[in-house]
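A.B. asks: Here is my input; please provide its structure:
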Amino acid sequence: MAESTAPQPTVIKSEAEWRQQLSDFEFQVLRRAATEPPHVGEYTDTKTVGVYRCKACDAELFRSETKFDSNCGWPSFFAPKDTDTVTYHTDHLLGYARTEVRCATCDSHLGHVFSGEGYATPTDLRYCINSICMVLEPEEA
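C.D. replies: Residues are numbered from 1 along each chain as shown. The predicted structure follows:
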């Protein structure tokens, strides 16, 4: 996926403001692109119907109907809520190119997106997202 040419984030805070709002580990993942360990995230195996929102700014990111079991250790989705919900950036932190996914509203790191892995999804994409980056808003019955 190519780098996004989306508008600049609309939620902009100083590092001190982010540190005050987020726990130490949330700050490391959302603002410094760390990764939570596999198979420990709150939403890895959840089947709850609802909307996944950015923990940093509350923007809607993903819907439960696009979540699937990839057995990778992190929540996986085959598409964001809308095309302008996230932005894409090339990441070389592991010595090779990966596509980083960030919240378009606040520029927080969410995870990465992978393609061509053979998942039977409508997009052949796997958005591998850290649970700690999201809050699930369950759908009302």
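
A.B. asks: Report the helix or strand with the lowest average pLDDT across the protein.
C.D. replies: strand 86-91 (a mean of 92; mean pLDDT, DSSP states H and E).

A.B. asks: how far is the host helix or strand of Glu17 from where the chain is centred?
C.D. replies: Glu17 is part of helix 15-21, with elements assigned from DSSP states H and E. A distance of 20 Å separates the centroid of the chain from that of helix 15-21, by CA atoms, centre = their mean, to the nearest Å.

A.B. asks: can you give me the offset of the least confident helix or strand of the chain from its chain's centre?
C.D. replies: Averaged over its C-alpha atoms, strand 86-91 has a centre that lies 11 Å from its chain's centre (CA atoms, centre = their mean).

A.B. asks: buried ones in it?
C.D. replies: Taking 16 or more other CB atoms under 10 Å as the neighbour-count basis, strand 86-91 is seen to contain the buried residues Val86, Thr87, Tyr88, His89. C-beta here means a position set from N, CA and C on the backbone, and glycine is covered the same way.

A.B. asks: So for stretch 50-60, what gets flagged as buried?
C.D. replies: Taking 16+ other CB under 10 Å as the basis for neighbour counts, the residues of stretch 50-60 that come out buried are Gly50, Val51, Tyr52, Arg53, Cys54, Lys55, Ala56, Cys57, Ala59.
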